[in-house]
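> Here's a sequence, model it:
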Amino acid sequence: MTPEPQPEAPAPDFPPRVGKYDILGRLGSGAMGVVYHAHDPLLERDVALKVMLPQIARDPEQKHRFEREARAVARMMHPNVVTVFDLGYHSDGSPYIAMEFLGGNDLFHSMRATPPLTLERKVSIVVSVLEGLAHAHKVGIVHRDIKPANVFLTDEGGVKIMDFGVARFAMGNITSTGMVVGTAEYMSPEQVRGEVVDGRSDLFSTGAMLYELVRGTRPFHADGIMAIFYKITHDDPAFDFPYTPEYRALIPILAKALPKDAAARYQNAAEFADALRPFAAGLGLRPMPAVAPSAPAPAAPARAPEAVANPPTSVLPPRPAAAAETPRTIVDPSPLFQLMREIYVGGRTGHLHFTRPKQWRSLRFLKGQILHATSDVEGEHLGDVLVRYGLLAQQDLDRARVVVLSERKKLGTVLDSMGLMAKEELESSIKLHVREVLFNVTEMPDVKFSFEELGEDTFLEEELRSRVAPGEMILEAARRIQEPAIVTAVLGDIDRVIAPASHPMLGPRSSPSPPPTASFSPAWTGR
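Predicted coordinates:
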């Protein structure tokens with residue numbers, strides 16, 4: 001007898017692999033993307049992989065915002081901010097973010113679960129959120145969407161701020177003025193009015209969240225978004241809390257967190273947290289212990305994969321408000337950027353060499369434009385970058401390297417001739433490689449650099465030329481630095497909107513109405 005055919009198992013609703021990550025399951029989805037439970041086989045750890053939907057990724061602005069989220073969070077290392085390990089691209093071009101995998105639940109669901117959160121726990125959660133915001137604001141990042149759904153409570157008792165997808169770099173005014181971004185009932189009045197916001201907007205949203213945690217209702221609830229907006233900008237919240245000392249003691253704290261005028265609020269997150277600490281102490285409350293990051297390791301030769309592994313942790317008591325931050329080495333890139341400016345303005349051709357013990361890197365210039373980068377550092381070759389960002393399979397890279405070594409051709413040319421990558425993809429990938437090499441050298445205190453002048457005919461054999469503007473690379477590299485004095489020296493007024501100039505000798509120009517704008521070119525570097 002022929003056995004009856006067995007029904008096929010339903011196909012999983014997720015791809016088997018995204019970039020270098022094996023997909024284990026689906027954690028959730030939203031309007032912008034899907035979050036997967038994934039495994040990094042190289043570092044042997046699980047991650048949460050947030051992948052933008054392909055149809056959304058086709059919108060350049062939405063894709064840029066998603067990439068900005070990764071870069072914003074990657075600039076921070078704090079126990080109350082979710083850690084981002086990696087930014088890459090799926091085979092369909094959709095960007096993804098690899099984040100630490102957390103067990104637990106977000107505050108939105110936790111505050112509705114049983115048993116209910118104690119008042120002690122509610123206050124400790126808000127203090128932890130303020131600790132994370134203090135760090136974000138210090139490095140120039142405003143979250144813009146603080147709400148219970150974006151606060152994660154781990155199984156170990158930790159508190160993590162998530163989803164910086166609408167975050168704004170305070171130094172750049174990236175979000176257009178007049179664009180309302182955020183979740184309605186937690187938005188600040190200045191967000192509702194479409195004004196430029198700063199960290200005090202996040203404090204208003206945190207106050208609205210604390211109000212809801214304590215009273216059980218949102219402070220500006222109404223039917224319809226326009227009614228909510230009117231309440232936020234015109235009405236004061238009702239402070240009809242239970243008539244007990246601990247609840248009544250919260251009223252002046254919330255009243256100072258929720259004024260319409262930002263100047264009347266707490267002026268920074270530490271001030272708000274300090275106001276809650278005496279109240280917590282009076283109830284015998286303590287903020288949840290923070291997990292302190294380990295001291296930075298000695299400078300590595302390159303950003304090898306192991307550099308993003310989870311650092312050792314230790315449980316410490318709550319940090320005093322005035323506790324000193326761990327000192328870190330600040331590298332001033334101004335001399336390098338000045339040299340790049342001179343190469344660009346002079347339309348020079350040659351190699352910009354970067355050397356340090358047992359390492360060598362180079363940017364190749366043709367008439368002032370960057371053609372490509374080269375590196376002899378393990379993990380920093382063009383092929384390594386392509387695989388790490390999910391743009392090329394490892395087996396295809398191995399095939400191409402055989403041809404590269406046997407025929408002494410450049411990898412980009414071989415990938416193009418073998419049909420493994422289209423020219424357009426290769427050109428954008430070369431730009432990505434240039435960015436990575438430049439970012440790495442600007443963080444190395446002992447790197448030396450020099451320019452080797454060459455004739456233009458040196459590069460006539462180059463078939464693939466991704467013309468990268470040095471000004472764009474300077475702008476992106478400077479924005480990664482967490483030292484305001486250096487960023488100001490390189491970019492000028494960091495409250496301006498900065499955009500590439502059309503000519504290397506164009507200087508800043510001002511706008512008649514806020515926010516001020518400035519064109520950017522290497523000629524502006526160091527002013």
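
> you'd agree residue 438 is in a helix?
Yes: secondary structure assignment (DSSP: H, G, I helix; E, B strand; the rest coil) places residue 438 inside a helix.

> my guess is it meets residue 363, correct?
Yes: proximity of residue 438 to residue 363 meets the contact threshold set by Cβ atoms under 8 Å, at 7.0 Å. No exception for glycine: its C-beta is placed from N, CA and C like everyone else's.

> got any ranges where the protein has weak pLDDT?
For the chain, residues meeting the criterion pLDDT under 70 lie at 1-13, 30-31, 165-182, 280-330, 388-390, 456-466, 476-527.

> How is it divided into domains?
Per automatic domain parsing, the domain ranges recorded for the chain read 13-101, 103-291, 334-524.

> Let me have those domains in a markdown table, adding mean neighbour count as columns.
What follows is those, written out as a markdown table (neighbours: other Cβ atoms under 10 Å):
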| stretch | mean neighbour count |
| --- | --- |
| domain 13-101 | 18 |
| domain 103-291 | 18 |
| domain 334-524 | 17 |
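
> related to what we said a few turns ago, which neighbours do residue 438 and residue 363 share?
Residues touching both residue 438 and residue 363 (Cβ atoms under 8 Å, 6 or more residues apart in numbering): residue 373.

> which residues in the stretch 401-527 of the chain form strands?
Here the stretch 401-527 of the chain has its strands, by DSSP state E, counting those that start in this stretch, at 448-453, 497-500, 517-520.

> do the same with the stretch 1-150 of the chain
17-18, 21-29, 33-40, 45-52, 84-89, 95-100, 104-106, 141-142.

> Let's have these in a markdown table, adding distance to residue 117.
As requested, those are exported to a markdown table (distance: least, Cβ to Cβ, whole Å):
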| stretch | distance to residue 117 |
| --- | --- |
| strand 17-18 | 35 |
| strand 21-29 | 22 |
| strand 33-40 | 24 |
| strand 45-52 | 24 |
| strand 84-89 | 27 |
| strand 95-100 | 23 |
| strand 104-106 | 11 |
| strand 141-142 | 27 |
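
> To residue 430, which of those strands lies closest?
Closest of the strands of the stretch 1-150 of the chain to residue 430 is strand 84-89, at 14.6 Å (criterion: Cβ to Cβ).

> Need the residues that contact the closest one.
19-20, 40, 47, 67, 70-71, 73-74, 95-100, 308, 388-391.

> Partner strands of it and their direction?
strand 95-100 (antiparallel) (DSSP bridges).

> on that earlier part again, do you know which of the strands of the stretch 1-150 of the chain lies nearest residue 250?
Proximity to residue 250 (Cβ to Cβ) singles out strand 104-106 among the strands of the stretch 1-150 of the chain, at 22.9 Å.

> other SSEs contacting that closest one?
strand 151-154 (3 or more Cβ pairs under 8 Å, 6 or more residues apart in numbering; DSSP states H and E).

> who does the very next helix or strand once past the strand it packs on touch, helix- and strand-wise?
Sequence-wise, the next helix or strand downstream of strand 151-154 (DSSP states H and E) is strand 159-161. Judged by 3+ Cβ pairs under 8 Å, 6+ apart, strand 159-161 is in contact with helix 119-138, strand 151-154.

> And the strands in the stretch 201-350 of the chain?
For the stretch 201-350 of the chain, applying DSSP E, counting those that start in this stretch gives strands covering 291-293, 313-315, 350-356.

> Span of stretch 186-193 from start to end?
14 Å (Cα to Cα, to the nearest Å).

> Please report phi then psi for residue 156.
Per-residue torsions, residue 156: phi -80, psi 0 (degrees, to the nearest 10).

> Identify the residues contacting it.
residue 104.

> switch the cut-off to 6 Å
Neighbour list for residue 156: empty [criterion: Cβ atoms under 6 Å, 6 or more residues apart in numbering].

> Please apply the same query to the one 4 residues further on.
The neighbourhood of residue 160, defined by Cβ under 6 Å, 6+ apart, consists of 82, 152.

> how close does it get to residue 87?
As judged by Cβ to Cβ, to the nearest Å, residue 160 and residue 87 stand 19 Å apart.

> likewise residue 21?
12 Å.

> do the same with residue 353
From residue 353 across to residue 87, the span is 28 Å (Cβ to Cβ).

> what do you get for residue 230?
The gap separating residue 230 from residue 87 is 39 Å, by Cβ to Cβ.

> The closest residue to residue 451 other than its chain neighbours pairs with what?
The shortest distance from residue 451 to any non-neighbouring residue, by Cβ to Cβ, 6 or more residues apart in numbering, is to residue 352 (5.2 Å). Beta bridges link residue 352 to residue 363, residue 451, judged by DSSP bridges.

> isn't residue 352 right next to residue 361, touching?
No: Residue 352 is not in contact with residue 361 according to Cβ atoms under 6 Å; the separation is 9.0 Å.

> Quick check: residue 370 touching residue 469?
No: using Cβ under 6 Å, residue 370 is not in contact with residue 469; the gap is 7.7 Å.

> nearest spatial neighbour of residue 66, skipping sequence neighbours?
Spatial nearest neighbour of residue 66, excluding adjacent residues (Cβ to Cβ, 6+ apart): residue 52 at 4.9 Å.

> quick one: contacts for the one you found?
Going by Cβ under 6 Å, 6+ apart, residue 52 touches 33, 66, 94, 95.

> Skip the chain neighbours and tell me the closest residue to the first one.
On the basis of Cβ to Cβ, 6+ apart, the spatially nearest residue to residue 33 that is not a chain neighbour turns out to be residue 52, at 4.4 Å.

> For residue 412, see how far away residue 246 is.
Separation of residue 246 from residue 412 (Cβ to Cβ) stands at 66 Å.

> what's the answer for residue 244, then?
The value you get for residue 244 to residue 412, if Cβ to Cβ is used, is 70 Å.
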